[in-house]
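Undergrad: Build the 3D model from these lines:
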Amino acid sequence: MLARTPSLFVSLLALLAACSAPRVDVIPRVQHAALGGSFAANSGGIASASNDVDDLGLGESSDEFGGRADLVLGGSTFTFAYSPASFSGSGTLNGDVSNNGTTIPAGSNVTTDLKLDMGSVIWTHDFIPGDAFEVGLGLGAHWIDFHSTMTDGVNNLTFDQSVPVPVLALRGGAAFGPFDVSALLSGIELKDGSDKATLFDADLMARWRFFGGVAGALSGSLVLGWHTTQTKVDYTDSGDHVDADFDVTGVYYGLSVGF
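TA: This is a model prediction of the structure:
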């Protein structure tokens, strides 16, 4: 009986290891997204009218290559994602735009280039685990990199902001044979005196597995999804006041390779 104890112990360890074996899904994807929203920027606390992105010619959709990777370890899922977005256009200012002592007045014809890139790391742990359905809660962080230039041919304005944003997260998913759907929602609202910031991100994804799928084996899936990132900021920095409300929203498609 004692001689069998080590073998039983080894078997138990092997069983636990099998249950906790990690799974990785790598998802390169192309997002077809459009920019929405408006912004105002002024100096000296003087309020100005907001400028809609459509009036600036920034409402056209763009295609950007990004990616996502999901690491499943036991009842936890870690998601790493990168979603770049860039827009350019020409239009007319509805309100004055000021920054660092330079002002482009309302009515000016301007050319604008804008980039809103985001990287994210999200962790959730399932409180309703299962092979067919899952629901989990967690937290994470988004890294937002905003860069924009605006010119009327004489005056040039540059806006740069890179900031990490902590978020709370909710994940849900369901599988039906070779099909599965999932939703990953994250966001937060921050306030510091008169400065306010809100971030909401939603990634809805559907997959069709066309080969593989056995635990521990290579698998491949076609992916179709919808992704939106909505940011709203109202803050003052060194006398410059910015009030912006942007969203980058669109469908994406790609492949999912799991192993």
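Undergrad: Neighbouring strands of the helix or strand hosting H241 in the sheet, and parallel or not?
TA: Assessed by DSSP states H and E, H241 sits inside strand 240-258. Sheet pairing of strand 240-258 (DSSP bridges) gives strand 23-43 (antiparallel), strand 219-237 (antiparallel).
Undergrad: Flag every buried residue along it.
TA: Under the neighbour-count criterion of 16 or more other Cβ atoms under 10 Å, strand 240-258 has 240-250, 252, 254, 256, 258 buried. (Glycine included, C-beta is placed from N, CA and C.)
Undergrad: In PDB, could you pull the C-alpha coordinates for stretch 150-159?
TA: What follows is stretch 150-159 as a C-alpha-only set of coordinates in PDB (Å, rounded to 0.1, in the frame of the first residue of the first chain):
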ATOM      1  CA  MET A 150      -3.500  71.200 -36.800                       C
ATOM      2  CA  THR A 151      -2.500  74.000 -39.100                       C
ATOM      3  CA  ASP A 152      -4.200  76.800 -41.100                       C
ATOM      4  CA  GLY A 153      -1.100  77.300 -43.200                       C
ATOM      5  CA  VAL A 154       0.400  79.900 -40.900                       C
ATOM      6  CA  ASN A 155      -0.200  78.700 -37.300                       C
ATOM      7  CA  ASN A 156       0.600  75.200 -36.100                       C
ATOM      8  CA  LEU A 157      -0.800  73.500 -33.100                       C
ATOM      9  CA  THR A 158       0.300  70.200 -31.600                       C
ATOM     10  CA  PHE A 159      -1.400  68.100 -28.900                       C
END
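Undergrad: where's it relative to the chain centroid, distance-wise?
TA: The chain centroid and the centroid of stretch 150-159 are separated by 28 Å under Cα atoms, centre = their mean, to the nearest Å.
Undergrad: related to what we said a few turns ago, redo the strands paired with strand 240-258 as JSON lines? Include mean neighbour count.
TA: Putting the strands paired with strand 240-258 into JSON lines (neighbours: other Cβ atoms under 10 Å) gives the following:
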{"stretch": "strand 23-43", "mean neighbour count": "19"}
{"stretch": "strand 219-237", "mean neighbour count": "18"}
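Undergrad: what's the closest of those strands to F176?
TA: Nearest to F176, of all the strands paired with strand 240-258, is strand 219-237, at 13.2 Å by Cβ to Cβ.
Undergrad: thinking again about what came up before, which member of the buried residues of strand 240-258 is positioned nearest A174?
TA: S256 (15.9 Å).
Undergrad: separation between the closest one and F78?
TA: Counting by Cβ to Cβ, to the nearest Å, the gap between S256 and F78 amounts to 16 Å.
Undergrad: for A174, same thing?
TA: Counting by Cβ to Cβ, the gap from A174 to F78 is 20 Å.
Undergrad: Look at the two and report which has more neighbours.
TA: Taking other Cβ atoms under 10 Å, A174 and F78 do not tie; F78 has more neighbours (17 against 14).
Undergrad: Pull the residues that contact the helix or strand the more buried one falls within.
TA: Of the helices and strands defined by DSSP H and E, F78 is found in strand 76-83. Contacts of strand 76-83 from elsewhere in the structure, counted by Cβ atoms under 8 Å, 6 or more residues apart in numbering, are 31, 64, 66-71, 117-126, 136, 138, 140, 171, 184, 203, 227, 229, 248.
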